[in-house]
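> curious how this folds, go ahead:
(one chain, ligands or ions: 2)
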Amino acid sequence: MSFHVVAIFLLLVRTNANSEGDALYAFRKAVKDPNNVLNSWDPTLVDPCTWFHVTCDNHNRVTRLDLGHAKLSGYLVPQLGRLQHLQFLELYKNELVGPIPKELGRLKNLVSLGLYHNNLTGSIPSSFSNLSNLKFLRLNSNRLSGRIPRELAKLGNLKILDLSNNDLCGTFPTFGSFSKFPEQSLKNNPRLEGPELMGLVRYDDDGLCK
Ligand SMILES: *[C@@H]1O[C@H](CO)[C@@H](O)[C@H](O)[C@H]1NC(C)=O
Ligand SMILES: *[C@@H]1O[C@H](CO)[C@@H](O)[C@H](O)[C@H]1NC(C)=O
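Residues are numbered from 1 along each chain as shown. Ligands and ions are numbered 1, 2, ... in the order given. Here you go, the predicted model:
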């Protein structure tokens, strides 16, 4: 390889690594961090692989973000959807507010999404139906509202679903992955109406499901 080819290659690697660091740094800027758990998140480093609570693979791509129980308050940012190799996104038991960005549906390698015990609002993005590797989806104990996207039923690898303790409404699917989840997965959603009948979503009878 000529020097120029090598130089361009290194530039591409660097740019790629920095874009993951930039995505994480956008999240850092959107939250308050009273315990300084994000102090090691230095955006001038070549990649975020030495940052605490961040795990990378052998190619320096971010595969895990482990920030459960970290007293973080503030917002999730759409930039998190750029972490293309992320497998574990664990932000449970914080004080996060606002909506779940639909861009998280781009995390095609995601195995576990743990956002439980926060104060998230808005609906469950239907883009989650693209998370075909997802095994664990825990969104319980937030203030999520609206319908459960019936497209979630096509997530064939989903083993654990917990949507309990929210404000979800309307009917819920009973086919596909939903046929195997216990009732507790959905408990304490006072406005949830029951299973959809014969595969029909009853859009007509609950215009109040928002
Ligand atoms: C959620 O918000 C309510 C009302 O503002 C607050 O009382 C509660 O402590 C919050 N819970 C969490 C986990 O942040
Ligand atoms: C799923 O991904 C495809 C391809 O990237 C995209 O076209 C589609 O809009 C996504 N579905 C949802 C519900 O976001």
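> how far away is N36 from ligand 2?
36 Å (C-beta to the nearest ligand atom, to the nearest Å). In short, each C-beta sits where N, CA and C put it, glycine included.
> where does this structure have low pLDDT?
The chain contains residues with pLDDT under 70 at 1-17, 198-207.
> who in it is up against ligand 2?
G105, S126, S127, S129, N130 (C-beta under 6 Å from any ligand atom).
> need the contact list for the residue nearest to the second one when sequence neighbours are not counted.
The spatial neighbour of S126 that comes closest, neighbours along the chain excluded (C-beta to C-beta, 6 or more residues apart in numbering), is P149 at 4.0 Å. Each residue near P149 by C-beta atoms under 8 Å, 6 or more residues apart in numbering is listed here: S123, I124, P125, S126, F128, S129.
> how about K159?
Neighbouring residues of K159 by C-beta under 8 Å, 6+ apart: K135, F136.
> these two touch, right, S177 and I160?
No. S177 is not in contact with I160 according to C-beta atoms under 8 Å; the separation is 10.3 Å.
> picking that back up, buried among the residues of the chain next to ligand 2? Need that as a selection in ChimeraX.
To isolate the buried members of those in ChimeraX, using 16 or more other C-beta atoms under 10 Å:
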select :105,126,127,129,130
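> compare S177 and I160 and say which is more crowded by neighbours.
More crowded of S177 and I160, by other C-beta atoms under 10 Å: S177, with 18 against 12.
> ok, the closest residue to the more buried one other than its chain neighbours - how many residues close by?
The spatially closest residue to S177, leaving aside those adjacent along the chain, is L158, at 4.5 Å (C-beta to C-beta, 6+ apart). Using other C-beta under 10 Å, L158 is surrounded by 22 other residues.
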